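**Q** what would the 3D arrangement of this be:
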Amino acid sequence: MDQIQRKLELGEARIGGVLSGTSADGIDVSVGRFGLEGGELRLLEAEIHCTQAWPDDLASRVRACLDGEPQDLRQTALLHRDLGRAFGRAVREVCDAAGLRLDLLGSHGQTVYHHDGAEPSGPASLQLGDGDFVAEEAGCPVVSDFRQADLAAGGQGAPLSGYADDVLFAGQPEPLCVLNLGGMANLTWLNGEQLLAFDTGPAGALLDGLARRHLGEPMDRDGSAAGRGCILPGVLAAHLGHPFFREPPPKSTGRDTFGEAWIQSWGGPGDSAEDLLATGVRLVAECVGLEMDRSLPFLPETLWVAGGGVHNGTLMDALQDAVAARSPACRVTPSGDAGVDPDGREGLLFAVLAARWAMGEGVTRPEASGAALGRVLGKLSPGPAHSRSGSRRLGL
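**A** The predicted structure is shown next:
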């Protein structure tokens with residue numbers, strides 16, 4: 001992609017990222033201006049982040065799929081198409097409103113299945129939202145389907161954040177430790193040539209699931225109900241005994257392990273919503289603390305936190321307690337203090353991966369996802385041509 005390479009060299013490449021996370025609470029769109037410094041990819045300016053509401057009935061269709069309702073092949077095919085259209089339209093609307101035109105877009109899609117590490121035939125993952133439909137609607141080339149090359153090379157397929165956080169947090173001292181609190185929680189550790197990245201367990205998928213089930217609300221806003229509750233020791237101990245929490249990295253998980261069926265197993269008839277949410281918050285925090293203590297070379301001075309969970313004050317307090325119990329000097333800090341919007345980080349992650357695809361840069365590392373070294377992630381959908389020859393425009 002010669003044109004994008006030239007724009008990167010000039011510091012003028014405008015690249016976006018779009019996704020719906022495991023929590024499926026909307027379409028996240030992020031846009032940044034990227035360039036090269038000493039041959040290394042750099043985010044020069046984070047220009048846009050917003051979350052677009054799902055159009056029409058798409059929210060209920062996505063929720064039904066994620067909650068395990070049976071889907072026939074027709075429903076799956078239509079959802080794959082319609083998600084692609086929705087992602088592309090959301091990007092186009094956001095960029096048109098800001099007067100921006102993208103050179104390239106990274107589209108993650110919507111994860112509807114991710115292995116739990118116990119699949120006998122090996123890991124697999126599925127994201128819906130076809131890249132060709134995204135590209136037609138967005139009006140620009142799209143790189144998508146990032147996880148498959150990692151899986152094919154023997155990796156977990158997740159988390160992929162470790163392959164982008166060196167760009168997003170380039171100004172921060174190492175060791176760099178970043179926690180993402182999305183539907184699942186995952187950690188990135190960067191220290192020189194050392195890279196670790198792995199899931200610690202559920203986060204928003206658990207807390208939002210408990211809120212929907214016991215509060216009749218999409219979330220426990222700011223953790224207010226959890227803050228009024230008391231921890232249920234028996235419930236906490238039972239769920240901390242899940243086999244996933246004993247596995248060493250690299251590891252990843254998803255809703256097929258920590259989804260609706262698992263959430264239904266939480267508590268008994270006499271347990272209040274507040275107590276269940278307080279217990280869920282403690283589980284999320286304890287799993288992070290346990291993995292940091294067990295799996296990192298040493299504990300950092302700062303744990304940067306991104307993702308929707310950063311807005312849950314009760315969870316942030318619980319994280320600080322869990323980390324401080326193991327390292328009193330470690331501060332739990334929103335990634336915004338490092339100049340990285342907690343809500344925009346994941347969209348920019350896929351913008352970085354799209355840029356690295358355009359550069360032909362292999363990113364996979366055995367110590368991160370478990371994949372063989374140096375695979376380039378993603379597949380190209382050229383989209384509508386903006387010159388007489390779309391293939392010439394892309395330099396293919």
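
**Q** please count neighbours and contacts with C-alpha atoms only from this point.
**A** OK.

**Q** any idea which element the nearest residue to residue 288 once chain neighbours are set aside lies in?
**A** Of all residues not flanking residue 288 in the chain, residue 200 sits nearest, at 5.8 Å (Cα to Cα, 6 or more residues apart in numbering). Residue 200 belongs to strand 194-202 when assigned by DSSP states H and E.

**Q** what is the mean pLDDT for that strand?
**A** In this model, strand 194-202 carries a mean pLDDT of 97.

**Q** ok, it: who's next to it in the sheet?
**A** For strand 194-202, the paired strands and their directions (DSSP bridges) read strand 184-191 (antiparallel).

**Q** in the partner strand, what's buried?
**A** Buried residues in strand 184-191, counting neighbours by 16 or more other Cα atoms under 10 Å, are found at 184-190.

**Q** any stretches of the protein with poor pLDDT?
**A** Within the chain, the segments meeting pLDDT under 70 span 385-396.

**Q** if we use 80, what do you get?
**A** Applying pLDDT under 80 to the chain picks out residues 1, 22-23, 116-118, 385-396.

**Q** strands along that one, start to end?
**A** Using DSSP state E, the strands of the chain run over 13-20, 27-37, 40-52, 104-114, 125-128, 142-144, 176-181, 184-191, 194-202, 302-306, 331-334, 379-381.

**Q** can I get those strands in TSV with distance to residue 266?
**A** Listed next are the strands of the chain as TSV, based on distance: least, Cα to Cα, whole Å:
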stretch	distance to residue 266
strand 13-20	26
strand 27-37	29
strand 40-52	30
strand 104-114	22
strand 125-128	26
strand 142-144	36
strand 176-181	21
strand 184-191	17
strand 194-202	14
strand 302-306	26
strand 331-334	28
strand 379-381	40
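
**Q** for these, which one sits closest to residue 82?
**A** Set against residue 82 and scored by Cα to Cα, the strands of the chain come closest in strand 125-128, at 9.1 Å.

**Q** show residues contacting the strand holding residue 200.
**A** If you take Cα atoms under 8 Å, 6 or more residues apart in numbering as the criterion, strand 194-202 is touched by 158-162, 183-190, 244-245, 249-254, 258, 284, 287-288, 291, 365, 367-369.

**Q** what's the angle between that strand and strand 176-181?
**A** Between strand 194-202 and strand 176-181, the angle comes out at 20 degrees (axes from the mean of the first three to the mean of the last three Cα atoms, to 10 degrees).

**Q** now strand 194-202: buried residues?
**A** So strand 194-202, judged by 16+ other Cα under 10 Å, has buried residues 195-202.

**Q** try stretch 140-150
**A** In stretch 140-150, counting by 16+ other Cα under 10 Å, buried: 140-150.

**Q** what's the local residue count around residue 136?
**A** By other Cα atoms under 10 Å, 20 other residues sit near residue 136.

**Q** pretty sure it sits against residue 384.
**A** Yes. Residue 136 is within contact range of residue 384, at 5.9 Å (criterion: Cα atoms under 8 Å).

**Q** could you work out the end-to-end span of stretch 199-207 for me?
**A** Taking Cα to Cα, to the nearest Å, stretch 199-207 runs 16 Å from one end to the other.

**Q** if anything else comes up later, I'll come back, but that's it for now.
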